[in-house]
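Q: Quick one, structure for this:
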Amino acid sequence: MPKIIGIDLGTTNSEAAYMEGGTPKIIPSAEGSTYGGKMFPSVVAFTKDGILVGEPAKRQAVLNPDKTIMQIKRKMGTDHKERIDGKDYTPQEISAMVLRKIKTDAEAYLGDKITQAVITVPAYFNDNQRQATKDAGRIAGLEVLRLVNEPTAAALAYGLDKKGEGKICVLDLGGGTFDVTLMETGDGVFEVAATSGDTQLGGMDMDNALIQWLVAEFRSEHGVDLSADRQALQRLRDAAEKAKIELSGTMEAPINLPFIAQKAGAPVHLDRKLSRTKMEQLIEPVLARLEGPIRQAFKDAGWSSGDVNHVILVGGPTRMPVVRERFERVLGRGVERGVDPMQCVALGAAIQGAVLSGEVKDILLLDVTPLSLGVETLGGVYHKLIERNATIPTRKSEVFTTAADGQTTVEVHVLQGERAMAADNVSLGRFYLSGMPPSPRGMPQIEVMFDIDANGILNVTATDKATSKSEKLTIMAPQRMDQSKIDQAVRDAEAHGEEDRRRRELVETRNLADGLAYQSEKELETYASQLSDETKAALRARIDELKKALAANDISEIRTAMEGLNKERLKIGVEVQKKGPGAEAAPPPSGGAAGGSDAPGVVDADFEDVDKK
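A: Next up is the predicted model:
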């Protein structure tokens, strides 16, 4: 049967692998023998002779910077467009060109048609980014059988499934992203305990720091600003990356770029020596950002660094001594050696492909969702259905009801993030459940189901239990929020925790008070003939007091008014009971809205959560 290949779709470079005789092996690019490498540079170039992908595209970038696209992975899941020759290209389309190149080269190397693949993604990719990656595979003519988190794939490549039970810390620093994953393994099962990361942190940020230094040094020496010249910048980028790699094995690297600019009609050259010490000083701000995600992952898992049996490194930048030293200092222990950190993700993806084909048995991957998922509720509150670091695949449902009389349509607003208020989280999409029969508020039973598959992709279904009518949304909407805000979601939630708690408490108290006033008015109407004028007047006065407190938006006043109204409502039962056995039964006294809900759960001011009633 045709091979299922594993693909590491990277920010700067991509790689592919397959299984042969129970061992994963790298698939070289078609240019590997010519240029001495097996990687597929994640570069696409539009030239007068057609579209170039990979090494050929990278090698012509200096002369064609305006039509050469790099690092598109950082834009996956966004509405970003690359405009070339009057045509717009999405990140999915550009990534598909890289994947198609990998597919073509793999077919030539293996001598067989390739139709199926396992593709890796950063563990901290959100739903939009994962869906975009899967779509890119589809555009390239590949059936993406599984999206696997890069750190999980790396753990497979290190063979940690064969080393008995243990706790693993995977630190994956690539060209554009940084992931931290903590997992446990035993009997061939890999279960992720927590994940954290930054999708805007990687080796290219180190390159940018070196480029800024070179630009400043050249300006100081020659009075020429290279930052406005795209060709010069591309030459600087190539030189900075090369020097960074060289400095992993030497203490000093020369940077010589002749004819990089002109001044007064004469050519100007760049000639600099960069020491390892100077480079480490320049990239220190980037290194400092590595610590936060590591500590966050250990906090979420409830682990200490002493609990870990294996620390493995993934990604080209982890070859740098200063990066390894930083990781070891933060964790207080050494790291594993023995597997090429550049190849381990693709090798692990190939192993997962073999698991899916049945070639490899007794291995099970249990990944997690990186951020919480939920819906918007009454007052703009974010109601979580699935907490972050929940093992996937998973399914969770809750029953909601309407918040107004006569509603025939409700809107479900799906969100991802950690903040208490909906507006502070990432909107994944909205859909509507229509055609419900008009009913009093609180009566409809609407089940909202969240279903996350093994790829981490979300499907949401809303069903009216009375009519069995349902609507479904597969989250595919482009992510229109600044990606840096996603990466800050957990840290923001912690920093703004107290403020969010107060805002949410006020909204929920208002929702309870509004429901209590509504319920009390219904009770007055229902039992009017059985209540004394004095009791009716007192109840009406208490309801008015509560409405005034709601208008004032003071939480203490609202609670005081609610307490007063609840005490007054107790008289309803007393007076109705005095009417005798034939009297209509009084409702049980409750301390909250619509039967004593502890907290509202209203989707976009349309639903009320009845699971908490």
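Q: how about the helices in the stretch 351-500 of the chain?
A: Assigned by DSSP state H, counting those that start in this stretch, the stretch 351-500 of the chain shows helices spanning 483-487, 489-495, 497-526.
Q: average pLDDT for the shortest one?
A: For helix 483-487, the per-residue pLDDT values average out at 42.
Q: Repeat that for stretch 380-397.
A: For stretch 380-397, the per-residue pLDDT averages 83.
Q: to the chain's geometric centre, what's the distance from it?
A: Relative to its chain's centre, stretch 380-397 lies at 13 Å (CA atoms, centre = their mean, to the nearest Å).
Q: For that stretch, could you pull out the residues that count as buried?
A: Going by neighbour count (16 or more other CB atoms under 10 Å), the buried part of stretch 380-397 is Gly380, Val381, Tyr382, His383, Lys384, Leu385, Ile386, Arg388, Asn389, Ala390, Ile392, Lys396. (C-beta placed from N, C-alpha, C; glycine too.)
Q: okay if I get the residues you listed as a markdown table plus distance to Val144?
A: Below are these laid out as a markdown table (distance: CB to CB, whole Å):
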| residue | distance to Val144 |
| --- | --- |
| Gly380 | 36 |
| Val381 | 36 |
| Tyr382 | 30 |
| His383 | 31 |
| Lys384 | 28 |
| Leu385 | 26 |
| Ile386 | 22 |
| Arg388 | 24 |
| Asn389 | 24 |
| Ala390 | 22 |
| Ile392 | 16 |
| Lys396 | 25 |
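Q: out of these, which one sits closest to Lys38?
A: Ile392 (31.5 Å; CB to CB).
Q: tally of neighbours for the spatially closest residue to that closest one that is not a sequence neighbour?
A: Nearest residue to Ile392, sequence neighbours excluded (CB to CB, 6 or more residues apart in numbering): Ile452, at 4.9 Å. Neighbours of Ile452 under the rule other CB atoms under 10 Å: 24.
Q: what sits against Ile452?
A: If a contact means CB atoms under 8 Å, 6 or more residues apart in numbering, then Ile452 has Thr369, Leu373, Ile386, Ala390, Ile392, Pro393, Thr394, Arg395, Leu458, Asn459 as its contacts.
Q: What is the burial count for Leu63?
A: By other CB under 10 Å, neighbour count at Leu63 equals 11.
Q: Who are the contact partners of it?
A: If you count contacts by CB under 8 Å, 6+ apart, Leu63 has them with Gln231.
Q: phi, psi of Arg130?
A: Phi and psi for Arg130, reported as degrees, to the nearest 10, are phi -70, psi -40.
Q: surely it meets Ile457?
A: Yes - Arg130 is in contact with Ile457 according to CB atoms under 8 Å; the separation is 5.6 Å.
Q: can you tell me how far the residue nearest to Ile392 sits from Glu325?
A: Distance, Ile452 to Glu325, using CB to CB, to the nearest Å: 37 Å.
Q: do Leu210 as well
A: Going from Leu210 to Glu325 by CB to CB gives 19 Å.
Q: Comparing those two, which residue is more hemmed in?
A: Taking other CB under 10 Å, Leu210 and Glu325 do not tie; Leu210 has more neighbours (23 against 12).
Q: per-residue pLDDT, the more buried one?
A: Model confidence at Leu210, given as pLDDT, is 95.
Q: same thing with Leu226?
A: 92.
Q: Look at the nearest residue to it once chain neighbours are set aside and give its secondary structure.
A: Leaving aside its sequence neighbours, Leu226 sits nearest to Ala232 (CB to CB, 6+ apart; 4.4 Å). Three states are possible here, and by DSSP: H, G, I helix; E, B strand; the rest coil the one that applies to Ala232 is helix.
Q: Please identify the buried residues of the helix or strand that contains Leu52?
A: If you go by DSSP states H and E, Leu52 is part of strand 50-53. Within strand 50-53, the residues that count as buried by 16+ other CB under 10 Å are Leu52, Val53.
Q: what are the pairing partners of that strand, and which direction each?
A: strand 43-47 (antiparallel) (DSSP bridges).
Q: Contacts for the strand it pairs with, please.
A: Under CB under 8 Å, 6+ apart, the answer for strand 43-47 is 51-54, 56-58, 60-61, 64, 67-70, 72, 84-85, 94, 97-98.
Q: Kindly recompute the last result at 7 Å.
A: The contact list for strand 43-47, computed with CB atoms under 7 Å, 6 or more residues apart in numbering, reads 51-54, 57-58, 60-61, 64, 67-70, 84-85, 94, 97-98.
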